[in-house]
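In: Provided below for reference: sequence and predicted model.
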Amino acid sequence: MMNVWQYAVQQTGHDFEPISKWSSDAQAAIAQLKVRGDVDLLAWNTATDASDIYPQYALADLVTRIDHTTYARLLERLASVVDQAKLPVLSQLQRQWYLASYVAAFSHQSLLNTAAALLSLTVLQLKTPPLVLATAAQSQLRGLADQARCWLLAAQVSDLQLIATDKPLATLLTHLIEQTPDLDECCVTGKAVGWELANDAYWLSQVESPTFKLEQLQTSVAYRLIRAAYLERSLG
């Protein structure tokens with residue numbers, strides 16, 4: 001199927017004025033976003049003539065945005081749960097936690113959906129051998145996020161409980177880790193916000209890879225996090 005989307009960059013703050021050639025391969029535009037702080041991403045649908053401008057969030061602004069919020073407290077609670085369980089946390093997983101929280105904060109998502117995303121990313125990383133992680137992300141991340149969300153809803157876990165006590169996250173983390181891998185792929189139909197957050201965080205954490213594709217992202221917020229995701233990878 002022919003890709004009808006074309007990508008380019010423009011000087012930050014301009015009104016859809018490309019300074020690079022349009023291309024259906026976004027890698028050239030992504031390469032500019034990684035090294036320049038003065039360009040926005042442009043996307044143009046040649047079939048419908050729809051177009052979008054994606055200014056890039058500054059990494060410092062992202063950190064400030066979630067600092068001292070319930071998203072930050074949820075991250076601290078999950079880190080505590082994982083630490084008490086003596087489970088390993090690789091730097092890539094930590095980046096995914098932050099990226100999922102950025103997407104959630106800027107798209108105003110609930111703590112429940114954010115918790116489902118964070119748990120699914122954590123369980124996927126802990127249960128999956130590194131060489132098959134990308135394949136597993138495509139087949140299991142949706143199921144893990146859906147199951148985490150359904151469990152939290154069924155248990156009537158409140159936002160306050162998520163950030164005030166370890167029990168909900170610890171119980172669900174243990175359950176998802178211990179269930180057989182076949183069940184990890186079980187998912188519900190329809191829109192799945194928790195999965196969208198997890199999916200975008202996972203693929204943004206792969207932004208330095210030549211196989212990274214914009215089409216892997218589900219939310220418009222994620223398109224604005226490309227530079228920040230790369231800078232976090234560089235700093236990590």
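Out: Sure thing, it's come through.
In: look up how far Gln92 lies from Ala26.
Out: 22 Å (C-beta to C-beta, to the nearest Å). The way it works is simple: take the backbone N, C-alpha and C, and place the C-beta from them, glycine included.
In: going by neighbour count, list what's buried in the lowest-mean-pLDDT helix or strand in the chain.
Out: Ranked by mean pLDDT, DSSP states H and E, the weakest helix or strand in the chain is helix 226-235, scoring a mean of 87. For helix 226-235, a neighbour-count test (16 or more other C-beta atoms under 10 Å) marks 226-233 as buried.
In: from the contact counts, what lies against that helix?
Out: helix 27-35, helix 59-66, helix 91-106 (3 or more C-beta pairs under 8 Å, 6 or more residues apart in numbering; DSSP states H and E).
In: outside of the strand or helix carrying Arg142, which residues touch it?
Out: Using DSSP states H and E, Arg142 sits in helix 133-154. Residues outside helix 133-154 that contact it (C-beta atoms under 8 Å, 6 or more residues apart in numbering): 112-113, 115-117, 119-121, 123-125, 128, 162, 168, 172, 175-176, 181, 183-188, 192, 194-195, 197-199, 202-203, 206.
In: what about 7 Å?
Out: Applying C-beta atoms under 7 Å, 6 or more residues apart in numbering, the contact partners of helix 133-154 are 112-113, 115-117, 119-120, 123-124, 128, 168, 172, 176, 184-188, 192, 194-195, 198-199, 202.
In: re the thing from before, got the angle between the least confident helix or strand of the chain and helix 91-106?
Out: Angle, helix 226-235 to helix 91-106, by axes from the mean of the first three to the mean of the last three C-alpha atoms, to 10 degrees: 150 degrees.
In: quick one, which of the helices and strands packed on helix 226-235 is nearest to Leu217?
Out: Minimum separation from Leu217 across the helices and strands packed on helix 226-235 (C-beta to C-beta) falls at helix 91-106, 9.4 Å.
In: name the next helix or strand following that closest one along the chain.
Out: Next along from helix 91-106, by DSSP H and E: helix 111-127.
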